[in-house]
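> Output the structure for:
(3 chains)
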Amino acid sequence: MTTTGTYLIKGASILGGEASDVLVRDGIIAEIGHGLADGGATVIDATGLVALPGMVDVHTHLREPGREDAETVETGTRAAALGGYTAVHAMANSTPVADTAGVVEQVYTLGRAAGWVDVRPVGAVTVGLAGEQLAELGAMADSRARVRMFSDDGICVHDPVLMRRALEYVKAFDGVVAQHAQEPRLTAGAQMNEGDVSAVLGLTGWPAVAEESIIARDVLLAQHVGSRLHVCHVSTAGSVEIIRWAKERGIDVTAEVTPHHLLLTDDLVRSYDPVFKVNPPLRTDADVQALRAGLADGTIDVVGTDHAPHPSEHKECEWAQAAMGMTGLETALSVVQHAMIETGLMTWADFARVTSTAAAKIGRLTDQGRPIEAGEPANLILVDPAARWTVDPFKMATMGRNSPFKGRELPGKVVATFFKGHPTVLDGALNTPHPEAAATPSGAA
Amino acid sequence: MKHLLSTQDLSLSNAIRILDTAEEMSAVGEREVKKLPALRGRTVVNLFFEDSTRTRISFEAAAKRLSADVINFAAKGSSVSKGESLKDTAQTLSAMGADAVVIRHWASGAPHRLAATDWIDAGVINAGDGTHEHPTQALLDAFTMRRHWARLAGTPSEGTDLKGLRVAIVGDVLHSRVARSNVWLLRTLGAEVTLVAPPTLLPVGVEQWPCSVSYDLDQTLANGVDAVMMLRVQGERMNASFFPSTREYSRRWGFDDNRLRALDDLGMTDTIIMHPGPMNRGLEISAAAADSPRSTVLAQVRNGVSVRMAALYLLLSGDSREPAATRAPAYTAPPIKESI
Amino acid sequence: MTSVTSAPVPARVVLSQADIDRALTRIAHEILEANKGSRDLVLLGIPRRGYPLALRLADKIAAADATVDAAAIVGQLDVTMFRDDLSHQGTRPPYPTKLPRTGIDNKVVVLIDDVLYSGRTIRAALDALVDLGRPRIVRLAVLIDRGHRELPIRADHVGKNLPTSSAEKVRVRLEETDTPEGGTPVNEVVIEGGA
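Next comes the predicted model:
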């Protein structure tokens, strides 16, 4: 193993609990205690900071290969590190689509070469996301990228037979199908949540039932074939109810919610500013409340950013012309702190569960989302919960300027990110990539 | 008034100011010299991303009667259809010195984008955007109704509203920008609006609108109505299963000869029939209804020029040196909607 | 446009109700004299206060000449759309233009306004008139001439010449236009402000 140096983190509140010292040495948490001697280690004063496991994003669009004008693995993972992430799942809707071992290995290698976080490619369920024929899921699972999550995200696997087969097939390698739940016929031309606001704005509605009907079908399919289902970006109160029902019946389903769906509502669309255009769309206040409650009680397992950078010309246009999606990696922690912790719905320990532990489990990442204990891999972050900052998309590391939180003041700032023992972020700014990166050839394998 | 984007944010006093100004403008149309120097030296651009000869020439006539220079910019066959963005087009017009942009666009909200961004500093008039709004159409409809209502009351229409007027808006409300603009404006002016449509052609969320909803045109007529506004129905809606057939549609929701007779039988001698045009004769309105003395279709066209003159005048005659901060509704982060 | 301000400004009354009435009586006789009678006479008031003044003058002319039907010779001429400051002032909604049934072609039109100042309103009125017809003669009658002309325009009939400084405001208050809701009618001319 490449040496990553020794760091003594002094006085960090672990998961918001007691202040302790954490000694990080050679990629591992060497020791936790009080008054640890520095012994030549670089000392980081963490008074007032919360230590959390490095965040794991189950849902990131890194755009590379194919749309390097929107984001690259390098810029996207820098953004991830700044946002407190030590691992991201890169969605498959690149160009070419990540539907072969070759493409997922390329993304994996680019991630290793960048060295900011673990990049875990998500494989496409169907060839070219076309929803017609299963992609070579086994080959992707067996590749160096060791793909465990498969998704046509952006597009719903709407054919029930194909969905059934995918759910069955991934059992062979403990995979999971992450469904983008959107009934296509009910959402043809859809522009925003269907409801009071769409009626006034004259924008084609995206009804909640189009999401809920697919989730209902899929949990029943997962039950029937005894497989594992993950539901991407749950956005409606009805979806939460269905997932709660499914979990009560013992169905192996996990679900994710985005930060923006925990905070924003379709009222914002009244501005017609496409920065608020996203899929699934922003919903109503009642949905936001149900999603928060679902995340707090464990019905929803994880927060996934659905980080979706777009070049500015895809947002500086008419609403109907604009691309769907929002950036999220660098605001997720703050938004979740604001929506869940400052509202008293969750503790920092819960935060660690929904942003790290549960996410790593879904993606079957063995060295991420681990407890902060001696002997564990040193993927951890230091957060200043008292900090407040104003979101400025032009100061972000992501190439995407499409943050819906632009101009808002949010709490919480990532002060440091330790990725496999190396500080990728220090003093709230990018430091250096993990030294292993230098040893990794870039480009496709 | 810097822009005219929607009737939803139009106050009662502003609405009446536009209608009263339109009355004065309409007097000009009856003079020998049908021209006023008010907008001399000002440039009005008609920016049309969607064909609409009627609306364009109405705005063109209005601008010319006020002595403005008019530039017609049709997006079809221009650089716009070759992929030039709304932003680039707006910046081009800005560089040409446009003082007002009259925009017709197939995308809901496009005029709001022009007004809210810094792409162009000109006043923006929404001449119909997608299935959102068509404020000058609603204003000319209200103008037509107000004249009718004042005549019945034996008073001049200046300064009056539409309190007590019962209006039925009939047809494809879901896809109608005319219906939306009319619902908000008529409510502001005090009229009572009933939407009559097949349930498939009403938007989800219509129950929040300030009007009542009916599926039964005959019942609505029998309940008493002072103005019936028929909306254009696109035949292609049939293919999307909004209704089973055009025959069935016109039987249930068309203004046919039977319903024309019913108005007489019900003794509603003063009820007018309106249509924003262009009409599908035989589909949503019968030829006899369209040509009956009750029909205000041509008066609506005439009044359209007066109302658009009023809108252009009120938009462009304000103080052009007003500080920028008080003008554009530049987008700032709205308060976060959440509970603690 | 004159407006009633609530801020306490030093104001002095320069014309009382009786002064206004006397001035209008004199102007009425001057108009008849200049026109050698009431033949072809049309009085066009410029909104807002020129119109009630025109009505008052017409009544006085009718009182002096029994052949005159006061209502038949008075009209209102809106000049809003002809102003040269439309893009600098706040938006002004136009007032109706109402001409006497006889029209203005070949008539002797007397324009009536409350205060003559820069002359720009009258310039606009002359342009507006041209679009409406071709009077034989156009004259101008004003209640107050306060000087400071910016155009070569002068009044034929003046109620009172009032030397003022530009810093001062001349306020004409007439019961027809300036009576506050439920308040007492007032007819007076005051000067506000100044050094």
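
> Show me where the stretch 1-150 of chain B dips below the pLDDT cut-off.
B:76-83 (pLDDT under 70).

> And C:Thr121, how far from C:Val79?
According to CB to CB, to the nearest Å, C:Thr121 and C:Val79 sit 6 Å apart. Glycine gets a C-beta too; all of them are placed from N, C-alpha and C.

> Kindly report the same for C:Ile112.
Here the distance between C:Ile112 and C:Val79 works out to 12 Å (CB to CB).

> mind listing the helices in the chain by residue range?
You didn't pick a chain, so chain A it is. All helices of chain A, identified by DSSP state H, fall at A:73-82, A:101-114, A:137-142, A:160-169, A:196-201, A:208-225, A:237-248, A:285-296, A:332-336, A:348-352, A:358-363.

> think we crossed wires, I meant chain C
For chain C, the helices defined by DSSP H occupy C:17-34, C:50-64, C:70-73, C:120-132, C:175-178.

> Let me know which of those helices is the nearest to A:Lys315.
Of all the helices of chain C, helix C:120-132 sits nearest to A:Lys315, with 47.7 Å by CB to CB.

> May I have the beta-bridge partners of the residue nearest to the spatial centre of chain C?
Geometric centre of chain C, nearest residue: C:Asp113, 1.4 Å, by CA atoms, centre = their mean. C:Asp113 has these beta-bridge partners by DSSP bridges: C:Val142.

> residues touching it, list them.
By CB atoms under 8 Å, 6 or more residues apart in numbering or on different chains, the contact set of C:Asp113 is C:Gly45, C:Ile46, C:Arg49, C:Gly50, C:Leu53, C:Thr121, C:Ile122, C:Ala125, C:Leu140, C:Ala141, C:Val142, C:Leu143.

> Same list, the helices of chain C, but as a markdown table with mean pLDDT please.
Below are the helices of chain C laid out as a markdown table (pLDDT from 0 to 100):
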| stretch | mean pLDDT |
| --- | --- |
| helix C:17-34 | 96 |
| helix C:50-64 | 96 |
| helix C:70-73 | 94 |
| helix C:120-132 | 95 |
| helix C:175-178 | 93 |
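
> so which of these is the most packed in?
Per residue and on average, the most neighbours among these fall to helix C:50-64, with a mean of 22 (mean count of other CB atoms under 10 Å in any protein chain shown).

> what helices or strands is that helix leaning on?
If you count contacts as 3 or more CB pairs under 8 Å, 6 or more residues apart in numbering or on different chains; DSSP states H and E, helix C:50-64 packs onto helix C:17-34, strand C:41-45, helix C:70-73, strand C:74-76, strand C:108-116, helix C:175-178.

> ok, now how distant is A:Val104 from chain C?
63 Å (CB to the nearest CB, to the nearest Å).

> Spit out the contact partners of that residue.
The contact partners of A:Val104, by CB under 8 Å, 6+ apart, come to A:Ala98, A:Pro121, A:Gly123, A:Met140, A:Ser143, A:Ala145, A:Val147.

> Identify the farthest-apart pair in those.
A:Ala98 and A:Ser143 (10.6 Å).

> So for those two, which residue has more residues nearby?
A:Ala98 (31 against 20; other CB atoms under 10 Å in any protein chain shown).

> Just give the number of residues close to the closest residue to A:Leu36 other than its chain neighbours.
Excluding the flanking residues, the one nearest A:Leu36 by CB to CB, 6 or more residues apart in numbering or on different chains is A:Asp21, at 4.1 Å. The tally of other residues near A:Asp21 (other CB under 10 Å) stands at 20.

> To B:Cys211, which of the helices of chain C lies closest?
Of all the helices of chain C, helix C:175-178 comes closest under CB to CB, at 39.3 Å.

> Give me the contact list for that closest one.
With CB under 8 Å, 6+ apart as the contact definition, helix C:175-178 has outside contacts at C:Val4, C:Arg48, C:Arg49, C:Pro52, C:Leu55, C:Pro185, C:Val186, C:Asn187.

> please redo it, this time with the cut-off set to 10 Å
The contact list for helix C:175-178 (CB atoms under 10 Å, 6 or more residues apart in numbering or on different chains) reads C:2-4, C:17, C:47-49, C:51-53, C:55-56, C:114, C:171-172, C:183-188.

> centre of the chain versus that helix, how much separation?
A distance of 13 Å separates the centroid of the chain from that of helix C:175-178, by CA atoms, centre = their mean, to the nearest Å.

> same deal with stretch C:62-70?
Put simply, stretch C:62-70 sits 20 Å off its chain's centre (CA atoms, centre = their mean).

> do stretch B:122-138 as well
Computed by CA atoms, centre = their mean, the chain-centroid distance of stretch B:122-138 equals 7 Å.

> re earlier: which of the contacts of helix C:175-178 are buried, as a ChimeraX select command?
Typed into ChimeraX, the line below selects the buried ones among those, using 16 or more other CB atoms under 10 Å in any protein chain shown:
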select /C:17,47,48,49,51,52,53,55,56,114,171,172,187,188
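
> Not counting sequence-adjacent ones, nearest residue to the most centrally placed residue in chain B?
Residue closest to the mean C-alpha point of chain B, counted by CA atoms, centre = their mean, is B:Gln137 at 2.1 Å. Nearest non-adjacent residue to B:Gln137, counting by CB to CB, 6+ apart: B:Val178, 5.1 Å away.
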